[in-house]
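S.K.: Could you work out the structure for the sequence below:
(one chain, ligands or ions: 1)
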Amino acid sequence: MPKAKETVLEIDLGALTHNFNYLKSKIQPNTKFLAVVKAFAYGSDITTIAKHLETLKVDYFAVAYCAEGVALRDAGITTPILVLHPQPVNFKTIINRCLEPSVYSERLLREFITAAKAEKQVHYPVHLKFNTGLNRLGFKRDDLEIIAKHFSSTSSVYCKSIFSHLAASEASEERLFTEQQILEFQGLYDACQKFLDDAPIKHLCNTSGVLNYPKAHYDMVRCGIGLYGFGNSATFDAHLKPVARLKSVISQIHQVHAGDTVGYNRAYKASREERIATIPIGHADGINRSFGHGKGYVFINEKKASIVGNVCMDMIMVNVSNIDCKEGDEVIVFNGKHKASTLAESAHTISYEILTAISQRIKRQLL
Ligand SMILES: *Cc1c(COP(=O)(O)O)cnc(C)c1O
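M.R.: I've put the predicted structure just below:
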C-alpha cells in the first residue's frame, strides 16, 4: 500500500462490505437492514458509503437532519431515507426531496400533516418515534389517544414504521432496563396497531441491540457504528473491520535540549535531549485538545509516539526520541490494527466521537 504523503482519511469499501455481511449474518433473511449514515457516515464520506451500500441492496438509510438527506438525494440515492431528527422549518424540503420524517411529538405530527396537505400529498410516509426510556425524543404512552385522533382524521399521511431507541444496548449491567424497554416498545406497537390500518415496520435495535438482543430485531434493524467497524466490545470488534484509516506524515523534526519547551504556553518541557516531530493534524481536524499532554498518541514505524504539550489548531507535536524515523515518514493515527476505539479510551471518549470529529478539510481517499 502506498505511504501517506499528507494527512488523509482512507476509506476501505471492502471493510464496509465485510461489516455489512457480518451484521446481516446476525439477523433473519427477511429482517430489513437500515444503514445509519448520519454525520457524514460517521465521519467518513456519506455519498461514497451510501452508494456502496446501495449496491449491497440495503433497504433503508437514516440521517439525523434534513440537509443530510438532501445531500444523499443530490448524489442520486433513491433508497428510502428516514430523517431521525427533523424540524418543522424543513418539512416542505423533506416532502419535495422524498425524505421520510421521524415524528416524535404531537407538535411535529400536527405540523407535518399540515405541510403534507399544503403540498397536496396523499399517504405520505411518516415514522412514529416512541420514548421508552432514553428520554431524548419520542411520544409516550399518554400520547396514544391524540396520535389515533390525528391518523383517523387525515389521509395526507400514513404510518410507515413505529420505532424506539435503546438507551444502553451495549451495557450488560443494564440488561434488565433494556428488557423493560423492549417490553414497553412491544406494548406501544400493539396499542398502535389497534387504530392503524397498515402494519407498520417495527424497529428498535441499533448495532449493539442487533448483537446483544436477537429477539428484538423485529422487522428492521438500524446499524451505524457496526458498519464502520466497531461493535462496542472487544468480542464484536474482533469480527469487524474499521472502514476509515487516518494517516499523516512527519513535517519536521526538532532536536530539543533539557529545559527547552514545546508548543503553545510552553506546556511541555524536555527533561533531556529529545527529538520532537511535528505532524500536520490538529484540533481543527478532529484531534481534540483533550488528547494533549501525553493522553493521545500516533504510531510511526510501528512505534507509539505520544503527543507532547497542547494540541494546536493545525498540528500536534509528538515525542520520537526512541523511534527511528525521519521527516516525510508516514504517521498512523488509527487504522485496522491501531484502532480508533483504543485511542478513544485514552481520552475517556468513544469511537463514535473520534470518527465523527474528523473534519471535512481532511482529504478522503478511496481504497
Ligand atoms: C445513531 C442512531 C442509530 C445507530 O446507532 P449505532 O449504535 O451507531 O448502531 C440507530 N438509531 C437511532 C435512533 C440513532 O440515533
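S.K.: what residues are up against the closest residue to the ligand within the chain?
M.R.: The chain approaches the ligand most closely through residue 224 (2.6 Å), counting by C-beta to the nearest ligand atom. For every residue, glycine as well, the C-beta is placed using N, CA and C. Contacts for residue 224 (C-beta atoms under 8 Å, 6 or more residues apart in numbering) come out as 35, 36, 37, 38, 42, 206, 207.
S.K.: Burial check on residue 130, number of neighbours?
M.R.: Neighbour count for residue 130, taken as other C-beta atoms under 10 Å: 27.
S.K.: Surely it touches residue 139?
M.R.: Yes. Taking contacts as C-beta atoms under 8 Å, residue 130 lies within contact range of residue 139: 5.2 Å.
S.K.: what sits in contact with each of those two?
M.R.: With C-beta under 8 Å, 6+ apart as the test, residue 130 and residue 139 reach no residue in common.
S.K.: give me the element residue 305 is part of.
M.R.: Here residue 305 sits within strand 303-306, counting by DSSP states H and E.
S.K.: Return the residues in contact with residue 360.
M.R.: residue 40.
S.K.: Looks to me like it is in a strand.
M.R.: No. Assignment of residue 360 by DSSP: H, G, I helix; E, B strand; the rest coil gives coil, placing it outside any strand.
S.K.: what pairs with the strand holding residue 305, and is each one parallel or antiparallel?
M.R.: Next to strand 303-306 in the sheet, as set by DSSP bridges, lie strand 297-300 (antiparallel).
S.K.: can you point me to the longest helix in the protein?
M.R.: helix 175-193 (DSSP state H).
S.K.: Remind me what that one packs against, helices and strands.
M.R.: Helix 175-193 sits against strand 124-130, helix 144-152, strand 157-164, with contacts defined as 3 or more C-beta pairs under 8 Å, 6 or more residues apart in numbering; DSSP states H and E.
S.K.: which of the residues in that helix are buried?
M.R.: Buried residues in helix 175-193, counted by 16 or more other C-beta atoms under 10 Å: 178, 181, 182, 184, 185, 186, 188, 189, 191, 192.
S.K.: what's the residue positioned nearest the centre of the chain in contact with, if anything?
M.R.: Central residue of the chain (C-alpha atoms, centre = their mean): residue 42, 3.6 Å from the mean position. By C-beta under 8 Å, 6+ apart, the residues touching residue 42 are 224, 225, 227, 228, 244, 352, 355, 356.
S.K.: next SSE after the helix or strand hosting it?
M.R.: According to DSSP H and E, residue 42 maps onto helix 38-43. Next helix or strand after helix 38-43 toward the C-terminus (DSSP H and E): helix 46-55.
S.K.: That following helix vs the ligand: in contact?
M.R.: No. With C-beta under 6 Å from any ligand atom as the criterion, the ligand is not reached by helix 46-55; the gap is at least 13.1 Å.
S.K.: Send me that helix as CSV with only the CA atoms.
M.R.: Taking Å, rounded to 0.1, in the frame of the first residue of the first chain, the C-alpha atoms of helix 46-55 are listed here in CSV:
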residue,chain,number,x,y,z
ILE,A,46,-21.6,9.9,3.1
THR,A,47,-22.1,9.6,-0.6
THR,A,48,-19.3,7.1,-1.2
ILE,A,49,-20.6,4.9,1.7
ALA,A,50,-24.3,5.3,0.7
LYS,A,51,-23.6,4.4,-2.9
HIS,A,52,-21.7,1.3,-1.9
LEU,A,53,-24.4,0.2,0.5
GLU,A,54,-27.0,0.7,-2.3
THR,A,55,-25.1,-1.8,-4.4
